[in-house]
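[1] using only what follows, build the 3D model:
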Amino acid sequence: MASTTPAAGSLADTRRNPPRILAFAVGAVFTLIGLLGFFVTGFDGFASHEGGESLLGFHVNPLHNVVHLLLGAAGIAMAMRTRTARTYGWLLVAGYGLVFVFGLFAVSRPDINFLAINNADNVLHILTVLAGLAIALWPLRDRVTDR
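    Modelled structure (predicted):
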């Protein structure tokens with residue numbers, strides 16, 4: 001009897017599941033924040049750490065906006081398959097885990113704060129780590145997870 005489950009690594013991984021939905025949602029939010037950030041900052045002071053502009057209480061600069069846009073595009077693209085959505089989750093965990101640790105030092109050291117990170121950013125970064133863990137580790141109902 002032929003299986004109707006898409007083959008591992010196939011492009012037919014069309015079933016919606018929590019990792020894919022979360023990866024897409026996180027990617028869409030990052031994209032939106034990146035775009036909105038440019039309305040606040042423009043393109044001046046690309047990596048400025050002094051007087052970073054505020055978007056909903058979070059400091060941003062054009063470099064920060066570009067990072068958000070890249071992460072957003074990656075999330076949207078990687079949400080197309082379960083395997084890549086989970087990889088996106090692990091990338092969020094690793095990347096934002098490092099950015100969180102960096103941010104703990106950067107908020108009190110303007111000379112190294114090239115992303116204009118503030119304490120609100122640090123809280124958001126640890127929440128992003130948790131979202132990444134949810135994407136990477138969310139259990140699926142079926143046992144075929146290698147897509």
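[2] distance from the chain centre to stretch 65-76, please.
    The offset between the C-alpha centroid of stretch 65-76 and the centroid of the whole chain comes to 7 Å, using Cα atoms, centre = their mean, to the nearest Å.
[3] average pLDDT across it?
    Taken as a whole, stretch 65-76 has a mean pLDDT of 95.
[4] what's next to that stretch, contact-wise?
    Applying Cβ atoms under 8 Å, 6 or more residues apart in numbering, the contact partners of stretch 65-76 are 23-24, 26-35, 37-38, 41, 88, 91-92, 95, 115. Just so you know, the C-beta spots here come from the backbone N, C-alpha and C atoms, and that holds for glycine as well.
[5] restricted to helices, list these.
    With helices identified by DSSP state H, the entries of those that belong to them are 23-24, 26-35, 37-38, 41, 88, 91-92, 95.
[6] buried ones among those residues?
    In terms of neighbour count (16 or more other Cβ atoms under 10 Å), the buried residues within the ones in helices among the contacts of stretch 65-76 are 23-24, 26-27, 29-31, 33-34, 37-38, 41, 88, 91-92, 95.
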